[in-house]
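Trainee: Give the three-dimensional model of this entry:
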Amino acid sequence: MIPYPALLLRRSLLALALLVPLLAGAQEDTIRKNLAERVPMLQSIDEVRATPMDGLYEVRVGKEVLYTDAEGNYLIQGQLFDTRAQKNLTQERRDALNAIAFDALDLDNAFTLVYGEGTRQLAAFEDPNCPYCKRFEKDLSMVDDVTVHVFLIPILGQDSVRKAEQIWCSDDRAQAWTDWMIDDVKPKGTGQCNTDALKANLAFAREHGITGTPTLIFEDGHRVPGAIDTAQIEELLGQR
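Mentor: Sure thing, here's the model as predicted:
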């Protein structure tokens, strides 16, 4: 038989456990209500959740991360740092929101470049007329032991569309790509073949908010927008 004081304590803890989610829900409702009434851009909030900092709540609209107090009286747009762990919590959250699962990529819509043994993997969304992509490809060629899946997304005009079609319709897509991106040898051919892959890539980019090139996706889903140099590529490949 459980002693009476212990039974009371157990019941109190159980009641508290049931109460906490209700309080959290009420807090979220208060924040949503007050911010929606006071800030027009926050009429539709996707998520409200507590942060590790007491009294500070994250407000997420799409992939935008903001912060507020428990009543929604104040709104903060900025970075939240954990000084003990030396972490940028805001950037970590944004990285998680922007991540793309590697197995969500349809590799049939890409061609591959293999450097060394190619045991590490990387996906790159690129436009053939993007100068930053050209710089990235030259740096990438100096990285060893990586397989790169190149997804063509011609977003910089009609000439990009034509070049992407010519490269995709080449007998050796990888060679046509490196000839152009590294050696400035223009792709040849009519570009007449099934280019549904390019349309699928553009649709995928729109769905996932890929608006610039190059955009890199690592095996763990981590996304990096923009060109990075050899040292950064190696560092990120080593972390994934």
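
Trainee: Report the separation between residue 134 and residue 180.
Mentor: To residue 180, residue 134 is 9 Å away according to Cβ to Cβ, to the nearest Å. To be clear about C-beta, it is placed using only N, CA and C from the backbone, and glycine gets the same treatment.

Trainee: Which residue would you name as the spatial centre of this structure?
Mentor: Among the residues of the chain, the one closest to the centroid is residue 98, at 2.6 Å (Cα atoms, centre = their mean).

Trainee: For residue 71, see how far away that residue is.
Mentor: Distance of residue 98 to residue 71, given as Cβ to Cβ: 30 Å.

Trainee: Same check on residue 57?
Mentor: Using Cβ to Cβ, one gets 10 Å for the distance from residue 57 to residue 71.

Trainee: where do the contact lists of those two overlap?
Mentor: Listed as contacting both residue 57 and residue 71 by Cβ atoms under 8 Å, 6 or more residues apart in numbering are residue 31.

Trainee: More neighbours: these two, which one.
Mentor: residue 57 (19 against 14; other Cβ atoms under 10 Å).

Trainee: For the more buried one, give the beta-bridge partners.
Mentor: Applying DSSP bridges to residue 57 gives these bridge partners: residue 50, residue 68.

Trainee: contacting residues around the nearest residue in space to residue 43 that is not next to it in sequence?
Mentor: For residue 43, ignoring the flanking residues on the chain, the nearest one in space by Cβ to Cβ, 6 or more residues apart in numbering is residue 36 at 5.2 Å. Applying Cβ under 8 Å, 6+ apart, one finds that residue 36 lies in contact with 42, 43, 45.
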